[in-house]
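Q: sharing a sequence plus its predicted fold:
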Amino acid sequence: MFRKLHKINQYHRKGRNLIAANKIKPEQWNISKSEAKTALKAKGYDVKQIKKIHHLKHQVCISFWDAKCNVCSSFFSYRIFARWRREVERLIYCCQNLKEWAKLNHLMQYEFAYYNYPSEIEKILDTKLENHLRVLNATERQAVFQVV
């Protein structure tokens, strides 16, 4: 009668994220100190000044001084940056056909399931995916009617 909820196995995930699928390459981004400061403040950190930024493939290490002049250092997901959202939107709009869209949709559903996206950003990206699907469907219908 009731469906049994599936447990998510953290050690053997079926699927890939956008970085592992080589759709987004954030380690090549040249994140500025002001961009990092803005992202950390949005996450609730009290940042006075960024000391150092070290790019890794799946995350970025940021050292900074807080308001009490303590040096803090931590690893952050690239998903905290506004550039991540812009790159995902670019990927959505670059889908030329339904097959590409379906692959991207699968990757995005994996992203939403395993990574902490703010709910408003998840909603925006999901809406953009749906809207682009409608555009692709309409384009495909027009192509079919033009051929006939």
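A: Now that the structure is in, tell me what you want to look at.

Q: pLDDT below threshold where in the protein?
A: 1-15, 142-148 (pLDDT under 70).

Q: at 80 what do you get?
A: Residues of the chain meeting the criterion pLDDT under 80: 1-15, 140-148.

Q: how's it carved up into domains?
A: Domain assignment for the chain, taken from automatic domain parsing, gives 25-80, 81-148.

Q: the first one spans what distance, first to last residue?
A: Same thing as domain 25-80. Domain 25-80 has an end-to-end distance of 15 Å (criterion: C-alpha to C-alpha, to the nearest Å).

Q: same thing with stretch 51-66?
A: End-to-end distance for stretch 51-66: 10 Å, by C-alpha to C-alpha.

Q: equivalent analysis for stretch 52-59, please.
A: 14 Å.

Q: closest one to residue 17 among the domains of the chain?
A: Of all these, domain 81-148 sits nearest to residue 17, with 5.8 Å by C-beta to C-beta. Quick note: C-beta positions are derived from backbone N, CA and C, even for glycine.

Q: quick one: the closest one to chain centroid distance?
A: With C-alpha atoms, centre = their mean, to the nearest Å as the basis, domain 81-148 stands 12 Å off its chain's centre.

Q: follow-up on the earlier one: would a markdown table of the domains of the chain with distance to residue 19 and mean neighbour count be doable?
A: Formatted as a markdown table, those follow (distance: least, C-beta to C-beta, whole Å; neighbours: other C-beta atoms under 10 Å):
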| stretch | distance to residue 19 | mean neighbour count |
| --- | --- | --- |
| domain 25-80 | 6 | 14 |
| domain 81-148 | 10 | 14 |
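
Q: do you know how far residue 96 is from residue 104?
A: Distance, residue 96 to residue 104, using C-beta to C-beta, to the nearest Å: 11 Å.
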